[in-house]
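**Q** all I have is the shape, not the residue letters:
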């Protein structure tokens, strides 16, 4: 693992304190269930005025809680939403930023090579709200696809069902299933945050709760 990291041009560190020492820009990229904990654990080590760009897929309330921790430690928090799969887009992946320091973060990310950045406003949580609500549809379609295909295969009518939806549906179904099998656990964690977002907005996450279950089952 260390050899792979070094070959990629990344300097490995043995602790968060070492990694964050003197860093003026921090990209937080962990699992959804660990996003707030990462901010809480690492806040004591960030440099004064450092940009903490939170790119995790979590609810806006989670982002606001993380922002409170980071800013209390002297950092500058930015809500960042990654709006599409990172691969194969890589640095061209669409990013949505919000918060008081979003414009400065956009300049920094552009210097790092990110090429598809938009600003969503100065309110922390706005970018993540857009991401979360979009995921209701994107991850929900994946879950519906899995449910349909599993049943169609057991009934021996998969080709007919997929064909009735359009020429490209066999390929789309295969892609959706592959994404769920490979990333279903992470997607389920993200959808837990989506459910929190919906509940905060007064919308019962009926369909989203089903998506959570199906994504988690496919990962297993």
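**A** Received it, and whenever you're ready, just let me know what you need. Owing to the predicted nature of the structure, the values given are computational and were not obtained by experimental measurement.
**Q** any idea which residue sits dead centre in this structure?
**A** With distances taken as Cα atoms, centre = their mean, the residue of the chain nearest its centroid is residue 57 (3.0 Å).
**Q** dump the residue contacts of it.
**A** Shown in contact with residue 57 (Cβ atoms under 8 Å, 6 or more residues apart in numbering): 32, 81-82, 128, 131-132, 135, 190, 193. For every residue, glycine as well, the C-beta is placed using N, CA and C.
**Q** farthest pair in those?
**A** Within those, 82 and 193 form the most distant pair, 13.5 Å apart (Cβ to Cβ).
**Q** the two: which is more packed in?
**A** The neighbour count for residue 82 versus residue 193, taken as other Cβ atoms under 10 Å, is higher for residue 193 (24 against 17).
**Q** and that one, which helix or strand is it part of?
**A** According to DSSP states H and E, residue 193 maps onto helix 169-200.
**Q** per-residue pLDDT of the nearest residue to residue 44 once chain neighbours are set aside, please?
**A** Using Cβ to Cβ, 6 or more residues apart in numbering and skipping residues adjacent in sequence, the residue nearest residue 44 is residue 73, 6.3 Å away. Listed pLDDT for residue 73 reads 97.
**Q** same question for residue 1.
**A** pLDDT at residue 1 comes out at 68.
**Q** sorry, back to before: what sits against the residue nearest to residue 44?
**A** Going by Cβ under 8 Å, 6+ apart, the list of residues near residue 73 reads 43-44, 46.
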